[in-house]
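Peer 1: Sequence below, structure please.
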Amino acid sequence: MDEEEDIVEVRVVDEFDDLEAELDHDPDEIRMDSSDIREEASEIAIKAIHDGLEFSGSLPTVRRAAIVLIITGSLLGFWFGVLSIAADPSDILGESNQLLDADQTISGFIITEILDDENGGDSPEGVEIRLLDGSYELIDRQFTDQDGRFQFSDQPTEVRVIEVESEGNITERRVLIPGEISQLTITLRAGEGTEEIDLRLASNLEDNIRLGTIVAFFTVFSSALGFGAAMETLRGNSYRRAQWLSGLALFSRGGVFIGPGLILGGMALNRLAKQQFSDQIEPEE
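Peer 2: Purely as a prediction, here's the structure:
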């Protein structure tokens, strides 16, 4: 058989071209009416739209409930995360500073070093206690009472230095912030020279606020993964992906345990509807 005989010519004619086709008719030519093609294409399009609507309307109830639970839990996490990010750290710092700005009292007592069973451990009376500022300038001075105690009242929350100097003993200095230490104990030891100890406490408040902000952003990100899990459940393509995203969304911690509980409920429903996902359907033999 020749190659020319294998070629079949198809000619599409409009309904108005029928007369011309009749006049110019070729017995080897196959003729198709364009109106028939349009009608067939319309039927195919209508069927596709109908099938799509039927699919979306027939979403199984179990998966639909799982989507609602996962989205609700993720929304709680997203809401709490946004509230944490929107919180003004200056409010927290301001309240803390107001408490620290109030006048404080520096109090303590002096004891002598214990040398043996008979000597030491006394609370000397009349020992001079000097109160210095951060530049070691004298602010006030007092003497210990009969119990070895001393007290400086109405002190601002600024750097203060307590200096104890007595004959035959090492000069003791304590650098502190009033209000950070409730009771100061200084031990007098025999010797010469000066010993200075910094008792100021390192403030971790700003570090805690920074950490809280990072956690808030992570909460929002985790809740976004929950929305992705809901979309994957809606599509029904990958069961594993839906469960993995839902598991990561648990870190959104919406309402402490309420949000994660809802997401866990959605994961449980997905487990029941596992066979409805495309990657879990067993092929027919």
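
Peer 1: what's the spacing between the residue positioned nearest the centre of the chain and Ser222?
Peer 2: Nearest to the mean C-alpha position of the chain, by C-alpha atoms, centre = their mean, lies Val215 at 2.6 Å. Val215 sits 10 Å away from Ser222, going by C-beta to C-beta, to the nearest Å. To be clear about C-beta, it is placed using only N, CA and C from the backbone, and glycine gets the same treatment.

Peer 1: circling back to that earlier point, which per-residue confidence value corresponds to the residue lying closest to the residue nearest to the centre of the chain once chain neighbours are set aside?
Peer 2: Leaving aside its sequence neighbours, Val215 sits nearest to Ser84 (C-beta to C-beta, 6 or more residues apart in numbering; 7.3 Å). What the model reports as pLDDT for Ser84 is 83.

Peer 1: Check Ser223 too.
Peer 2: 92.

Peer 1: try the one 3 residues further on
Peer 2: According to the model's per-residue confidence, Gly226 sits at a pLDDT of 93.

Peer 1: okay but it is in contact with Pro260, surely?
Peer 2: No: Gly226 is not in contact with Pro260 according to C-beta atoms under 8 Å; the separation is 10.0 Å.

Peer 1: Find the residues that touch each one of these two.
Peer 2: 73, 252 (C-beta atoms under 8 Å, 6 or more residues apart in numbering).

Peer 1: Among those two, which residue is more densely surrounded?
Peer 2: Shown here are Gly226 and Pro260; by other C-beta atoms under 10 Å, Gly226 has more neighbours (32 against 21).

Peer 1: need the contact list for that one.
Peer 2: Contacts of Gly226 (C-beta under 8 Å, 6+ apart): 70-71, 73-74, 77, 245-246, 249, 252, 263.

Peer 1: Taking these, tell me the two that lie furthest apart.
Peer 2: Greatest spatial distance in those: Gly77 and Leu245, 13.1 Å, computed using C-beta to C-beta.

Peer 1: So which of those two has more stuff around it?
Peer 2: Taking other C-beta under 10 Å, Gly77 and Leu245 do not tie; Gly77 has more neighbours (29 against 25).

Peer 1: Name all residues that make contact with the residue nearest to the more buried one when sequence neighbours are not counted.
Peer 2: The spatially closest residue to Gly77, leaving aside those adjacent along the chain, is Ser252, at 2.4 Å (C-beta to C-beta, 6+ apart). Applying C-beta under 8 Å, 6+ apart to Ser252 gives the contacts 73-74, 76-78, 80-81, 219-220, 222-223, 226, 259-260, 263.

Peer 1: Over to Gln276?
Peer 2: Counting by C-beta under 8 Å, 6+ apart, Gln276 has contacts 60, 62-63, 236.

Peer 1: run the last query once more with 10 Å
Peer 2: 59-60, 62-63, 233, 236, 239, 270 (C-beta atoms under 10 Å, 6 or more residues apart in numbering).

Peer 1: One more: Glu158?
Peer 2: The contact partners of Glu158, taken as C-beta under 10 Å, 6+ apart, are 104, 133-134, 177-178.

Peer 1: of all those residues, which two lie farthest apart?
Peer 2: Gln104 and Gly134 (15.4 Å).

Peer 1: which one of those two has more residues nearby?
Peer 2: More crowded of Gln104 and Gly134, by other C-beta under 10 Å: Gln104, with 21 against 10.

Peer 1: how near is that one to Thr112?
Peer 2: Relative to Thr112, and taking C-beta to C-beta, Gln104 is found at 27 Å.

Peer 1: cool, and Ser252?
Peer 2: 60 Å.
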